[in-house]
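Colleague: need a 3D model of the sequence below.
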Amino acid sequence: MTMRIGIIGLGRAGTVHLDAWPHVRGAEVVAVCDPSPAARKRARELGIRVYTDPALMLETAELDGVTIATPPADHAEIAIACLDRGVHVLCEKPLALTTWDALAMLKAAARNKRQLLLATKFRHVPELAAARELIAGGKLGDPVAFEVSFCSPVDMSKRWNSQRGVAGGGVIIDNGCHAFDIMSYLFGSVTRVQTNLHRPLQRIGVEDGATIQVRAGDGVVGKADVSWSLSTGRNSYVNVHGSLGTIEVGWQETRVKYLGKDWETIGGSYDKIDAHRRMQTCFVETSQSGGATPPWISTVECLRTVAAVEAAYRSVHSGGWEWVDTKGMRQRRTGGRGRKRA
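Modeller: Presented below is the predicted three-dimensional model:
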């Protein structure tokens, strides 16, 4: 049975989803919702029914699943509306602006017995999966340190990503989500973070660069550099240094170097559409399996990615290390108050 898919939000991320869906077996994009006339025109030219109102789309398009790729401030409300209508949800990062919102979304998924999955495309990059296998198999020895880097100069002055009210923050919530998820995928849960903001290079109302020290898994320490302003010249976005070797996962190639040996290329270039195709295929398989096929990311991991971002922002203000845990969530569930992000 073909899964009827809707896309809510056809900006940059939503367009990548739209381009990848035709490569997914058992799924068809039948509806797109976006306020932009240009976005709707493109979808209409592809024979897709278009909407400006997500509620009307949910009411009339007979959807089985949706991609949510709107600005993050809208994720919680739209996702809960979809789930309450019995529609599976693949949500772009960040899942939500707060762990409280994320919990409400996940509760809606459980209540309606539907999938709510965070779009973590990097878990579907074959080279990162290979890195994970090398680490888990002990081929690199004991993990000693790691670096994750998402730095690229982009003028953010006219993008909603730099508007705190709709994005929830700056580059930390934007690129930090991917960085924290990759660390969790490779080493286990991110447990503590300590953030230092870069000197701002763009005149925007949010941070445009940060270095985040991270402790993950059984205590391995590393860092994430995230920036909309720096051009580091690095070809790799993930480096893992172990006691027996180093792996570099790059945009053009992935290579490994064991002690006393030369670099060996083990993977090719990053393919964004292919990563989305793999992720969206898993979304279809998981959604249609009735629970028999487990998702690629657990509910707890979805939630902890949001909590890690919150901890990174707390660290900006405290100046010290912050725990990534569910204490704040428990406080709010029982009527306490968590810290607000500045």
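Colleague: switch to C-alpha atoms for all contacts and neighbour counts from now on
Modeller: OK.
Colleague: pull out the buried residues from stretch 275-287.
Modeller: When burial is assessed from 16 or more other Cα atoms under 10 Å, stretch 275-287 yields the following buried residues: 275-287.
Colleague: kindly report the same for stretch 84-91.
Modeller: Neighbour-count burial for stretch 84-91, with 16+ other Cα under 10 Å as criterion, is recorded at 84-91.
Colleague: now, which of those lie within strands?
Modeller: Filtering the buried residues of stretch 84-91 for membership in strands, criterion DSSP state E, returns 88-91.
Colleague: give me every residue that touches the residue nearest to Val306 when sequence neighbours are not counted.
Modeller: Of all residues not flanking Val306 in the chain, Thr99 sits nearest, at 5.8 Å (Cα to Cα, 6 or more residues apart in numbering). With Cα atoms under 8 Å, 6 or more residues apart in numbering as the criterion, the residues that contact Thr99 are 303, 306-307, 310, 329.
Colleague: OK, contacts around Gly205?
Modeller: Residues in contact with Gly205, defined by Cα under 8 Å, 6+ apart, are 162-164.
Colleague: so Lys121 is in contact with Ala275, correct?
Modeller: Yes. Using Cα atoms under 8 Å as the test, Lys121 is close enough to Ala275 to be in contact (5.7 Å).
Colleague: identify the contacts common to those two.
Modeller: Residues touching both Lys121 and Ala275 (Cα under 8 Å, 6+ apart): there are none.
Colleague: would you map the strands across the stretch 201-342 of the chain?
Modeller: If DSSP state E, counting those that start in this stretch is used as the criterion, the strands of the stretch 201-342 of the chain fall at 209-216, 220-227, 236-242, 245-250, 254-258, 264-267, 322-323.
Colleague: give the pairing partners of the second one; include direction for each.
Modeller: Pointing back at strand 220-227 there. Sheet neighbours of strand 220-227, with direction, are listed as strand 143-151 (parallel), strand 209-216 (antiparallel) (DSSP bridges).
Colleague: most tightly packed of those strands?
Modeller: The highest mean neighbour count among the strands paired with strand 220-227 belongs to strand 209-216 (a mean of 23), with neighbours defined as mean count of other Cα atoms under 10 Å.
Colleague: so who does Val306 touch?
Modeller: The neighbourhood of Val306, defined by Cα under 8 Å, 6+ apart, consists of 94-99, 102, 177.
Colleague: try Asp181
Modeller: With contact set as Cα under 8 Å, 6+ apart, Asp181 has these partners: 120, 301, 305.
Colleague: switch to 10 Å and redo it
Modeller: For Asp181, the contact set (Cα atoms under 10 Å, 6 or more residues apart in numbering) comprises 120-123, 188-190, 297, 301-302, 304-306, 308.
Colleague: can you tell me the element it falls in?
Modeller: Asp181 is part of helix 171-187 when elements are defined by DSSP states H and E.
Colleague: avg pLDDT for that helix?
Modeller: The predicted model gives helix 171-187 an average pLDDT of 97.
Colleague: quick one, which of the strands paired with strand 220-227 gets closest to Met1.
Modeller: Closest approach to Met1 among the strands paired with strand 220-227 (Cα to Cα): strand 143-151, 38.7 Å.
Colleague: next secondary structure element downstream of the closest one?
Modeller: Toward the C-terminal end, the helix or strand that comes next after strand 143-151 (DSSP H and E) is helix 164-167.
Colleague: ok, and what's touching that next one?
Modeller: Residues outside helix 164-167 that contact it (Cα under 10 Å, 6+ apart) are 70-74, 94, 96-97, 159-161, 170, 173-174, 204-207, 342.
Colleague: what residues are up against the residue of the chain positioned farthest from its centre?
Modeller: Of all residues in the chain, Gly260 has its C-alpha farthest from the mean position, at 36.3 Å, by Cα atoms, centre = their mean. Shown here is Gly260, whose contacts under the criterion Cα under 10 Å, 6+ apart are 244-245.
Colleague: check the chain for its longest helix and report it.
Modeller: helix 299-318 (DSSP state H).
Colleague: now that helix: buried residues?
Modeller: 299, 301-316.
Colleague: report the distance from it to the chain centre.
Modeller: The chain centre lies 13 Å from the centre of helix 299-318; the measure is Cα atoms, centre = their mean, to the nearest Å.
Colleague: quick one, it and helix 171-187 angle?
Modeller: Angle of helix 299-318 versus helix 171-187, following axes from the mean of the first three to the mean of the last three Cα atoms, to 10 degrees, is 130 degrees.
Colleague: show the pLDDT at Thr99.
Modeller: Looking at Thr99, its pLDDT stands at 93.
Colleague: repeat for Asp271
Modeller: Here the pLDDT value assigned to Asp271 is 97.
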